[in-house]
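**Student:** sequence first, predicted model second:
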Amino acid sequence: MQIVSPNAYKVPYLGVDGTFTLDTSLAESANDPRNPKRVKFEKMEFFSFYADLQGSEPLAENCRYVYRGAAADPFFFPERSLGSIWDLFQLRGGDNPGDNPGCEAFKYVILRAPHGDPIHMHMRYGDDSTGFQALLENSTLPEDAASFNPWWSTYCAEGVTACD
């Protein structure tokens, strides 16, 4: 079955354009050390990741990505949620990694594009040792609060502190 992002035809750039901050009201999201506190997307191509909510501590900036399609969440789709589709992005090869320090840590990015009311999104990422399948499979890990599994970060539209 071909999976198509539910955002593909409703929102410019699949809804992946703008700045989002970590939902600080959800402890499992806010306290997970894997989650950058702020992410910025420019027209579904350039992503930036920050260690702080204000965006003054960059982890990686202006990383250039290629959209690789959509994939169903292995835990939620289709039985629990037909809208649980992840958009897949891969760091664009060929660029000089020295031009954008830190980008290699975010080589693979999957996200549930902005949705819901209030608007929010979910994101996971991985480096060379990770691939799309491993990131997707995080949804199927047994619940373990100590290791923040399953990994389910929640980001709000910039300026909103609680959105899920």
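**Tutor:** Yep, it's here.
**Student:** longest helix anywhere in this structure?
**Tutor:** helix 132-137 (DSSP state H).
**Student:** just the buried positions in it, please.
**Tutor:** Phe132, Leu135, Leu136 (16 or more other Cβ atoms under 10 Å). All C-beta atoms are positioned from the backbone trio N, CA, C, and that covers glycine.
**Student:** can you check stretch 18-33 too?
**Tutor:** Gly18, Thr19, Phe20, Thr21, Leu22, Asp23, Thr24, Leu26, Glu28, Ser29, Asp32.
**Student:** go on, stretch 154-164?
**Tutor:** Thr154, Tyr155, Cys156, Val160, Cys163.
**Student:** and what of stretch 52-61?
**Tutor:** Gly55, Pro58, Leu59, Ala60, Glu61.
**Student:** so which strand or helix has the third one?
**Tutor:** Spelled out, it's Leu59. strand 58-72 (DSSP states H and E).
**Student:** beta partners of the residue nearest the centre of the chain?
**Tutor:** Taking Cα atoms, centre = their mean, the centroid of the chain lies closest to Met123, which sits 2.0 Å from it. When bridges are called by DSSP bridges, Met123 pairs up with Leu111.
**Student:** contacts only, for it.
**Tutor:** Asn35, Val39, Val109, Ile110, Leu111, Arg112, Ser153, Tyr155 (Cβ atoms under 8 Å, 6 or more residues apart in numbering).
**Student:** save the residues you listed as JSON lines, and put in pLDDT too.
**Tutor:** Shown next, in JSON lines, are the contacts of Met123 (pLDDT from 0 to 100):
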{"residue": "Asn35", "pLDDT": "96"}
{"residue": "Val39", "pLDDT": "97"}
{"residue": "Val109", "pLDDT": "97"}
{"residue": "Ile110", "pLDDT": "96"}
{"residue": "Leu111", "pLDDT": "93"}
{"residue": "Arg112", "pLDDT": "88"}
{"residue": "Ser153", "pLDDT": "92"}
{"residue": "Tyr155", "pLDDT": "94"}
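**Student:** nearest to Glu143, of those?
**Tutor:** Nearest to Glu143 out of the contacts of Met123 is Ser153 (Cβ to Cβ; 15.5 Å).
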